[in-house]
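Student: Next one to model:
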Amino acid sequence: MQKPRIRWHIAVFLAPAVLIYTSVMIFPLFNTLRLALFQKVDQERVYVGLENFRTLFFDPTWSEQFWNALANNFWFFLIHMLVQNPIGIALAALLSHPRLRFAALYRSAIFIPTILSFVIVGFAWKLILSPIWGIAPSMLDAVGLKSLFAPWLGKEEYALTTLAMVSVWQFVGIPMMLIYAALLSIPEEMLEAGEIDGVTGIAAFWKIKLPLILPSIGIISILTFVANFNAFDLIYAAQGALAGPDFSTDILGTFMYRTFFGFQLQLGDPHMGSAIAGAMFAIILVGVCLYLFGIQSRMRRYQL
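Tutor: Take a look at the predicted model:
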């Protein structure tokens, strides 16, 4: 009996990618988690264990900012789940219709904002929504809705929701394209069988297409969760590191940035910043694991 040949070429081809990923992702991640276990005392680095996390969660000086940023992050994520993903699914369903003309043009127009820089998007929307020189007041006035305009980025109760909607506008193309690809992969035989049984139009989407694209929707949900709890760029570009007004748009990313690098009169603290980054990593890891566990248990239930 011949021994199986060791395919060295697989390791050779994978090695460059593994080395690059390890050097720019894995090593910095573990180094950040290591920093969170130390603190600087009298200009010397001292091991303090989980003391930084206790300070972050329970010390009023830090916990108020942390829980505020975490709550804002959850709200930011919730808007994307309830607005962005359903709109993406609806757009994909419309654009996948075989009789729709100029579908490729529509797909491109919707997807183009995704490739724009966060800085461009944040600055452009800040100008658009400005009550002084923005075009939003005049556009609403043209349709008789000027009374609805408000300085949304300047009010605490509206600022975070406004930025979340801007983010939805920018990234709705991603779930649209993923769901569009999933819809195109559905075998025509299944749709034809549904037509024979009288299932057409919207009924075909709900009864045939939607159950078949649920795995893709699950993947999109995970990507949305991870992306939103890693969010930073748009908030920073539009509202700055202080995430105003009065920290109403502060999320974990901006809170970690101010803490780690410092801002204005606040000195940087890499150890507490690493603790915030570690908390972000734990939240994302637990969320993804719970979601995957829920999917696995559901699949087992169906098998039984």
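Student: okay, CA-based contacts and neighbour counts for the rest of this
Tutor: OK.
Student: how about the longest helix that the chain contains: buried residues?
Tutor: As assigned by DSSP state H, the longest helix anywhere in the chain is helix 270-303. The neighbour-count check on helix 270-303 (16 or more other C-alpha atoms under 10 Å) flags 270-281, 284, 288 as buried.
Student: Just give the closest residue to Asp250, not the sequence neighbours.
Tutor: Ala243 (4.8 Å; C-alpha to C-alpha, 6 or more residues apart in numbering).
Student: Just confirm the one you found is within a helix.
Tutor: No. Judged by DSSP: H, G, I helix; E, B strand; the rest coil, Ala243 forms no part of a helix; its state is coil.
Student: Ser117 versus that one, what's the distance?
Tutor: According to C-alpha to C-alpha, to the nearest Å, Ala243 stands 19 Å off from Ser117.
Student: Looking only at neighbour counts, state which of these two leads.
Tutor: Neighbour totals were compared for Ala243 and Ser117, and Ala243 leads with 21 against 12 (other C-alpha atoms under 10 Å).
Student: Go ahead and confirm the more buried one touches Met256.
Tutor: No. In this structure Ala243 lies outside contact range of Met256 using C-alpha atoms under 8 Å: 11.8 Å.
Student: Point out where the stretch 201-304 of the chain drops to low pLDDT.
Tutor: Across the stretch 201-304 of the chain, the ranges flagged by pLDDT under 70 are 298-304.
Student: Which strand or helix spans Val46?
Tutor: Element membership of Val46, judged by DSSP states H and E, is strand 44-47.
Student: Need the mean per-residue confidence for that strand.
Tutor: On average, the pLDDT along strand 44-47 is 90.
Student: what's next to it, contact-wise?
Tutor: With C-alpha atoms under 8 Å, 6 or more residues apart in numbering as the test, strand 44-47 has contacts from Leu37, Phe38, Gln39, Lys40.
Student: which one in these is the model shakiest on?
Tutor: The member of those with the lowest pLDDT is Lys40, at 87.
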